[in-house]
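Novice: predicted model and sequence follow; I will ask about them next.
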Amino acid sequence: MAASTCTGAIAVTTLHGVAAGSRFRLTISAVTGSRYAPFLRKHLRAAHRLVRPRLGELSVALVGDRRMSELHEQFMGVAGPTDVLTFPLDLDARGRPVSGEVIVCVPEARRQAKARKVPVERELLLYALHGLLHLCGYDDRTDAAFRAMHRAEDRILTQIGVGPVFTARPVRARARTAPRRNRTTRPLTAARRATGAH
């Protein structure tokens, strides 16, 4: 499986578990926010057991505003940081991701967690789970798909004992004229595309 090369982050932890008869490798790397890695590791393993199709490998990178802004501009064409970007790395014969990388912006999670009065680690987990769901085929580009994806996030978070995080938020008006942060771009190469979130 492909290794994470997008973030320039330093690997903090790697763990293995069994997923549907195959090995699941979860790598969490952190430029910032490394203290959240154990929480994310525990809960992402549990969430992975609940999603289909399961991945063989997932890399989660915790980055700061500057790195996220660079990636957001490079892959989405949007200036400034965003909460999460998702990159499918390897695809199976049917074109479904079997490995991927989820880039999470720790300062954005801190800002949103403070504004919504939720713990930072739960906001980070929401972002990482959002990326995982994108890799498993969920989409949020239409209003109906957006609602379905976020219901699935809260259902999974509840099943793994965290409780809903997304529905705890105030409802935001979604501007139709501004560029949407959750748009999928055309890949720069056939094997790489980024997906924004929220």
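Specialist: Sure, I can see it.

Novice: for residue 57, phi and psi?
Specialist: phi -150, psi 140 (degrees, to the nearest 10).

Novice: and it, how many neighbours?
Specialist: 22 (other C-beta atoms under 10 Å). C-betas here are computed from N, CA, C, even on glycine.

Novice: ditto for residue 105
Specialist: 29.

Novice: let me know the helix or strand that the closest residue to it other than its chain neighbours is in.
Specialist: In space, and not counting its chain neighbours, residue 105 is closest to residue 68: 4.0 Å by C-beta to C-beta, 6 or more residues apart in numbering. Assigned by DSSP states H and E, residue 68 belongs to helix 65-76.

Novice: any idea how far the helix or strand just after that helix is from the chain center?
Specialist: The helix or strand immediately downstream of helix 65-76 is strand 84-91, counting by DSSP H and E. Chain-centre distance of strand 84-91: 9 Å, with C-alpha atoms, centre = their mean, to the nearest Å.

Novice: next one: the residue nearest to the spatial centre of the chain, what pLDDT does it get?
Specialist: Nearest to the geometric centre of the chain sits residue 131, at 2.5 Å (C-alpha atoms, centre = their mean). Note on residue 131: pLDDT of 97.

Novice: just the CA atoms of the helix or strand that contains it, as PDB, please.
Specialist: If you go by DSSP H and E, residue 131 is part of helix 120-135. C-alpha atoms of helix 120-135 as PDB (Å, rounded to 0.1, in the frame of the first residue of the first chain):
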ATOM      1  CA  VAL A 120     -11.200  19.200  20.600                       C
ATOM      2  CA  GLU A 121     -10.500  15.500  20.300                       C
ATOM      3  CA  ARG A 122     -14.200  14.900  19.300                       C
ATOM      4  CA  GLU A 123     -14.000  17.500  16.600                       C
ATOM      5  CA  LEU A 124     -10.800  16.000  15.300                       C
ATOM      6  CA  LEU A 125     -12.400  12.500  15.300                       C
ATOM      7  CA  LEU A 126     -15.400  13.900  13.400                       C
ATOM      8  CA  TYR A 127     -13.000  15.300  10.700                       C
ATOM      9  CA  ALA A 128     -11.000  12.000  10.500                       C
ATOM     10  CA  LEU A 129     -14.200   9.900  10.300                       C
ATOM     11  CA  HIS A 130     -15.600  12.300   7.600                       C
ATOM     12  CA  GLY A 131     -12.500  11.500   5.600                       C
ATOM     13  CA  LEU A 132     -12.800   7.800   6.200                       C
ATOM     14  CA  LEU A 133     -16.400   7.900   5.000                       C
ATOM     15  CA  HIS A 134     -15.400   9.700   1.800                       C
ATOM     16  CA  LEU A 135     -12.900   6.800   1.200                       C
END
